[in-house]
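**Q** below is the sequence, then the predicted model.
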Amino acid sequence: MKSSEITKSKVLQEAITLFNTKGYRATSLSDITNATGLTKGAIYRHFENKEQLEIEAFQNMMHSIFNTLQKRIKAESNTRDKLFCVLELFQDYINNPFFSGGCPLLNVSTEVDDTTMVLKDKALQTLTVFRNSIETIVINGKTHKEVNAIVNEKLVAIVMISSLEGAIMMSKLQDSNSDIEAVVKHLKNWIVADVLL
């Protein structure tokens with residue numbers, strides 16, 4: 001790795017930690033220079049502006065999470081286990097987070113508004129990829145006669161994602177795993193009773 005690539009990676013890793021723990025708006029460029037020991041000029045040699053750094057940091061976090069999730073999904077041979085591995089990744093995230101500060105998608109979605117459209121669009125794209133992944137599992141399950149034909153794959157994705165993200169927020173806020181554990185257990189029961197054949 002070249003020196004410039006090492007510097008860019010260092011900036012990105014420090015920014016990831018700061019953005020995901022302190023928040024995108026609350027993190028200043030001075031916070032990043034203090035964390036990296038670099039000057040603003042050195043940071044701007046690698047990132048056009050703070051917005052570009054925010055976007056790359058968010059995309060880097062989500063890429064890491066999605067890569068892990070996709071590997072786990074591909075390792076499973078049936079619809080039940082594929083859906084369950086999504087649930088278990090979220091449950092595990094409370095104790096073994098990929099990044100300090102919680103779920104990057106949840107964090108950015110609560111912070112962005114109409115003044116940060118590019119980051120908001122990236123978060124929406126990420127949500128769409130996540131929804132599509134769950135929907136595809138359900139559609140493939142129908143094809144393989146593992147999922148009831150009347151099941152609405154869009155509804156399954158909405159219920160799973162909103163329940164999991166809400167449970168992460170509640171568990172994080174209360175410093176307790178009980179809510180995420182209860183939601184995962186409930187979703188597993190629902191999947192077995194109402195989604196699968």
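**A** All right, it came through fine.
**Q** touching, Glu111 and Asn20? I think so.
**A** No - assessed by CB atoms under 8 Å, Glu111 is found out of contact with Asn20, at 10.6 Å. The way it works is simple: take the backbone N, C-alpha and C, and place the C-beta from them, glycine included.
**Q** out of those two, which sits in the more crowded spot?
**A** Asn20 (23 against 16; other CB atoms under 10 Å).
**Q** show the pLDDT at the residue nearest to the more buried one when sequence neighbours are not counted.
**A** Once flanking residues are discounted, Asn20 sits nearest to Gly101: 3.6 Å by CB to CB, 6 or more residues apart in numbering. We have a pLDDT of 87 for Gly101.
**Q** low-confidence ranges in this structure?
**A** Applying pLDDT under 70 to the chain picks out residues 1, 115.
**Q** now name the helix or strand holding the one residue sitting closest to the centre of it.
**A** With distances taken as CA atoms, centre = their mean, the residue of the chain nearest its centroid is Leu105 (4.6 Å). Assessed by DSSP states H and E, Leu105 sits inside helix 104-111.
**Q** tell me the helix or strand right after that helix.
**A** Using DSSP H and E, the next helix or strand after helix 104-111 towards the C-terminus is helix 117-143.
**Q** for the helix or strand following that following helix, packing partners?
**A** Downstream of helix 117-143, the first helix or strand assigned by DSSP H and E is helix 153-174. When contacts are defined as 3 or more CB pairs under 8 Å, 6 or more residues apart in numbering; DSSP states H and E, helix 153-174 sits against helix 79-95, helix 104-111, helix 117-143, helix 178-190.
**Q** go through helix 153-174 and flag the buried ones.
**A** Buried residues in helix 153-174, defined by neighbour count with 16 or more other CB atoms under 10 Å: 153, 156-157, 159-161, 163-165, 167-169, 171-172.
**Q** same deal with stretch 175-182?
**A** Within stretch 175-182, the residues that count as buried by 16+ other CB under 10 Å are Asp179, Ile180.
**Q** centre of the chain to that stretch, how far?
**A** 18 Å (CA atoms, centre = their mean, to the nearest Å).
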